[in-house]
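Participant: Kindly generate the corresponding structure for this input.
(3 chains)
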Amino acid sequence: MSQILKTLDPFKKINTEFPFASPIKDWKKSGGKVIGFFGGDVPEEILSAAGVLPIWLRGPCSEVPLDAANAYLHMYSCSHMRSIFEIALKGDYSYLDGVMSTPYCDGTRRLYDVWERYMPAPAMLFLHTPHKNTSEAEAFHYQNIEEFVESLERVFQKKITDEALREAIRTYNKTRKLFNRLFDLRKKNNPPVLGSEVIEIYNASAMMPRKDFNILLENLINEAKAADRMPNNCPRLMINGTALHNPEYVKGIEDLGSIVVADSLLNGAMSFTDLISEDENTDPLLAITRYYLNKFPAPRMVPSEARFNRILEMAEQFHVDGMITGVVRYCAPHIYDEIRLSKRFEARGIPSLRLDLEYGMAATGQIKTRVQAFVEMIEERKRKG
Amino acid sequence: MPVAGIDIGSRTAKAVIMEGEKIISSHIGETILKGPEVGIAVLNESLKLAGLKIYDMECIIPTGYGRFQFTGGEKHISEISCHARGIHWYFPTVRTIMDIGGQDSKAIKCDSDGRLTNFILNSKCAGGTGRFLEVIADILEVPVDKLGELSLLSRQDISFSTVCVIFAKTEALNMLRDGVPKSDIVAGLHDSIAKVAASMLAQVTVEKDFSLTGGVAKNSGVVAKIKEKIGIDPLIAPDPQLIGAVGAALFALDRVRRRQTA
Amino acid sequence: MDHSLWLKAVKNLEDLTSHVLPKVTSSGEKAYYELYTAYFQKVTQAMTEGKEIAAHSTFVPPEIFHAMDMVPVLIVSSSGAMTVCTRNYKDAMETSRGYGVPLETCSAHRIQLGHFVKDWFPKPKLIVHMGAGCDAFSSSGGVSADLYDCPDFYLDVPWEYSERGLKYLADEFGRLIEFVEKVTGRKMDWNRLKENIARTAEMTRLYREIAELRKAVPSPMESRRAWQSYWMYWINAGTPEGVKWFTIVRDEVKGRVEKGIGAIPNEKLRLLDLFMPPQFSFRLQDWMAKDYGALFVNESIVFQWGEEEIDPSNPLEALAMRYFMAPMTRCIMGSSKDFINDSIKVVREYKIDGAVFWAQNACRQSGIIRSLKDALSEQAGIPTLVVDCDIMDPTFVTVEEMQQKLKDFIEILSERIVRRSN
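Facilitator: Prediction:
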């Protein structure tokens, strides 16, 4: 990469301010409420329509001691959830006006339980999402969402209007449309943006108002589009796994002679690829319901084949040579997902590698050896044709 | 036009000097020194043996755990690719390799050209590695290189309930206290290392021919146990500890040849 | 498929049963050996006669398969039982590891997948799994279906009990029936289903009655019987065998209460079991009772039913209601509040001295430990011991290691009791 992207700097700056980044500070200063959430399936559009700033909670971008969190969550809770709680226990999430989660996995629901019991935020919110997208599931989830809207209105003493919902849908869709443009650039032979840089962008998206974020992302796309960064022929990788936040992990993979061109991360493509219907004749809550049941499926959704096909399709579109799945220890959904997905990748002749990780880890030691051998293996395959 | 391959492992470092597909010298040294120095030290020793100087080297490629710190090389290559390449040079019919090193072990698959097709590494713990043997050898007060012989005297099957080094250490101590003969303890230990190896091999599926590399391949007890578990006689190179360095030297030769044709 | 392991396991079970039966005095224990063996014999019979087998995970109602004249077989518990009966723990676990299942997940599911990789599990016509229990539970069924390349159906379960959740789950059972009809060409016999559910309601009534009887001091039931009852409930739900089991156990327990005798001669400590103990052996519980007079008199996750009744006249809703009211699903799903509040209530009603939480290797339900421990200490005044263990791997933590911990805890509890009575 011969040229650096200047428009990446604002994202990086916000990320260094984690966990109380300046856009959140500014929001609070002007009297705004902030809700921190964890787990997928949280309809941020609804929170936003309620005038609240939704923040996607995470742990630090490094493997830190989890002494405080370990006292509340046994070590078999994944280090991802414990890292979030470690920050909370230190008081660094004390600015939150509310905490929200979903039964996305055993980790999220047990973290929510402990949070509610030991340090409840002024508002504690929980929303169930079914595992299917049948018509019954849609009717069921629509009612869940209606109920959720009512509780939110009660908590924040504010009516959530259809107009506000439509506006929020437009804003959040704008982010997704921009990400799709960015993803298109990554499909090219010489992607103008590195996988590690994309992680920086994802991270910032979780810590600031979307309207402001959209401006930054648009700037970045304009620069990246015109950028003449070095073309290369190195192996093109896709990364898979649960939410992943440490850009150093991806940089470590790329430093060993590869480029990460795509992902199926919860905090990445899974959340930023599909759009919510903006059809004026559709009830916005129904549009939101449908979106969360039909979007890029997480491992928890069934039938699993929809997810696998989606990821395999991506691998084709992004000309992926290999797939690396990072599995955080004890993350059962991804453990089983990886087993099934890797078999399907291999059946298509795309090699895959599983890395057992702790949350926040960078690519170090043995991980480097595995990744390097994997990259060398792909290079050999490519050379052989 | 000589080249060098250096394998900087966690317990030992090895260097091999090759010229036109022939090994002219090699050296194995303990990794007492830290960082890049150890690579330089073993390289210097093998240069001395070959009567060459560092500037005679057309290309140097480091591999192994310490490869990232070694700055004198053209490119670093993972020890996994190097083992596949090195073994293929000795035994072109080999498709499956089990490398048991000092701190980790790997099951490797390669194709008819010696190119890596699949691999797995053991997890963080030292269970099933050379380190495991060293720790127990220390407790039993038996030199590591005598373990193989000793185990062949074993009369009864002992099994360790764990491959965790720390727990196995306690278990071995208890057995010793209970008067279990050392030969049986060592044989039990070899058995658990072979179990780890067999389990890793099962994960990549064993295809003939099969080769064992790394320092542990010098231990006849472990070799016999692995053979027993997977039912295939392993091919073992003259010095199984050098395979990584040989592979690295072969990759260095490739680079030189590519330069010449370019 | 490779029948040899299944046949060997059933043979071992039969041998064990004929060896044990003459020595057993408890009618409950006798019934367990007989009925447990019969369950697997029925599957063997189906295998040899070519009857259609429905493999399903726990909490999927077997009543449905019985009503459609299929032979149901529980996935994770049957593979586990086969492993216990043949002691092939290592082989099963190594096999699944070889398939790519890492060690950082529950050994019960690792063993299950070992059986599927090796083709040991009876070949079913279809697989039905469920989003209940835990993530490993709801994800491993898909891998099994991949391995056996057979049609599968996933039952979606609402997060917690509500009227609309009940309706959603009832609809899911309806979809399941449609699925089975489509795959097998069979038709649901609704009358038979109602009969089955009527038996389930009877089993449930007896189960609750036994729970009431267990409040007696001294406790009239062995802890192993509680776990046996739980598995018996799910493998024989809706069958005459199921009703038979609960009748025998109820009669035995009731008889003891009436006579004022306990399950063990010398009851000193009344314990609460908070989570699944190792399932490969009940040796620990037997040892605690025999050597220390320490008995588990209730097990929150298998002996606390919800209050709502099951109405067989509306079969699908009845099955949904049973799911929400049944002990394990009730406390593992939903917010941990139910689990905690149930446990506090149990401590009071069953006069409990101390609690034990079995922290199973890789089990993420362990996230509840701190809250439970604090709640039991603050609101019920009892201490909780956390025992690290593994549900199916006897080598992960040995029985001796667990015994050491339990011994210390029993000592502490005994001192507390002495202090209290002084």
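
Participant: in the chain, which residue is closest to the centre?
Facilitator: With no chain named, the answer covers chain A. In chain A, the centroid-proximal residue (CA atoms, centre = their mean) is A:N267; its distance is 0.4 Å.

Participant: not quite, I wanted chain B
Facilitator: Mean-position check on chain B, CA atoms, centre = their mean. Result B:G214 at 1.7 Å.

Participant: distance of the closest residue to the residue nearest to the centre of chain A other than its chain neighbours from A:R348?
Facilitator: Closest residue to A:N267 apart from its sequence neighbours, by CB to CB, 6 or more residues apart in numbering or on different chains: A:A243 at 4.2 Å. C-beta: built from backbone N, CA, C; applies to glycine. Separation of A:A243 from A:R348 (CB to CB, to the nearest Å) stands at 26 Å.

Participant: Let's verify A:A298: helix, strand, or coil?
Facilitator: Following DSSP: H, G, I helix; E, B strand; the rest coil, the label given to A:A298 is coil.

Participant: Correct me if wrong: it contacts A:M270.
Facilitator: Yes: taking contacts as CB atoms under 8 Å, A:A298 lies within contact range of A:M270: 6.2 Å.

Participant: CA-only coordinates of stretch C:24-44, as PDB, when you get a sec.
Facilitator: Extracted C-alpha coordinates of stretch C:24-44, given in PDB (Å, rounded to 0.1, in the frame of the first residue of the first chain):
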ATOM      1  CA  VAL C  24     -31.900 -54.300  44.300                       C
ATOM      2  CA  THR C  25     -34.500 -53.800  47.000                       C
ATOM      3  CA  SER C  26     -36.000 -50.400  46.000                       C
ATOM      4  CA  SER C  27     -38.900 -50.800  43.600                       C
ATOM      5  CA  GLY C  28     -37.900 -47.500  42.000                       C
ATOM      6  CA  GLU C  29     -34.400 -48.700  41.200                       C
ATOM      7  CA  LYS C  30     -35.800 -51.900  39.800                       C
ATOM      8  CA  ALA C  31     -38.200 -50.100  37.600                       C
ATOM      9  CA  TYR C  32     -35.500 -47.900  36.300                       C
ATOM     10  CA  TYR C  33     -33.300 -50.700  35.100                       C
ATOM     11  CA  GLU C  34     -36.200 -52.400  33.500                       C
ATOM     12  CA  LEU C  35     -37.700 -49.400  31.800                       C
ATOM     13  CA  TYR C  36     -34.400 -47.900  30.800                       C
ATOM     14  CA  THR C  37     -33.300 -51.100  29.100                       C
ATOM     15  CA  ALA C  38     -36.700 -51.500  27.500                       C
ATOM     16  CA  TYR C  39     -36.300 -48.100  25.800                       C
ATOM     17  CA  PHE C  40     -33.100 -49.100  24.100                       C
ATOM     18  CA  GLN C  41     -34.400 -52.500  23.200                       C
ATOM     19  CA  LYS C  42     -37.300 -50.900  21.400                       C
ATOM     20  CA  VAL C  43     -34.900 -48.900  19.300                       C
ATOM     21  CA  THR C  44     -32.900 -52.100  18.600                       C
END
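
Participant: Residues contacting it, please?
Facilitator: Defining contact as CB atoms under 8 Å, 6 or more residues apart in numbering or on different chains, one finds that stretch C:24-44 is touched by C:6-7, C:9-10, C:13-14, C:16-17, C:20-21, C:53, C:71, C:73, C:78, C:81, C:122, C:221-222, C:225, C:228, C:231-232, C:235-236, C:241, C:244-245, C:248-249, C:251-253.

Participant: Now a ChimeraX select for only the buried ones of the residues you listed.
Facilitator: Buried subset of those, written as a ChimeraX selection, criterion 16 or more other CB atoms under 10 Å in any protein chain shown:
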select /C:6,9,10,13,14,17,53,71,73,78,81,122,221,222,225,228,231,232,235,236,241,244,245,248,249,252,253
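
Participant: tally of neighbours for A:M238?
Facilitator: Counted with other CB atoms under 10 Å in any protein chain shown, the burial measure for A:M238 works out to 26 neighbours.

Participant: How about B:D184?
Facilitator: When neighbours are defined as other CB under 10 Å, B:D184 has 18 of them.

Participant: any idea where the strands of chain B begin and end?
Facilitator: B:3-8, B:12-19, B:22-30, B:59-63, B:96-100, B:105-110, B:116-121, B:210-213 (DSSP state E).

Participant: now chain A
Facilitator: Along chain A, the stretches classed as strands by DSSP E are A:33-38, A:52-56, A:98-101, A:123-126, A:236-241, A:259-263, A:322-328, A:352-357.

Participant: Identify the contacts common to A:A298 and A:M270.
Facilitator: Applying CB under 8 Å, 6+ apart, one finds that A:A298 and A:M270 are jointly contacted by A:G40.

Participant: What parts of the stretch 51-200 of chain B come near chain A?
Facilitator: Residues of the stretch 51-200 of chain B lying close to chain A by CB under 8 Å from any CB of the partner chain are B:65, B:68, B:76-81, B:104, B:113, B:115-119, B:121, B:123-124.
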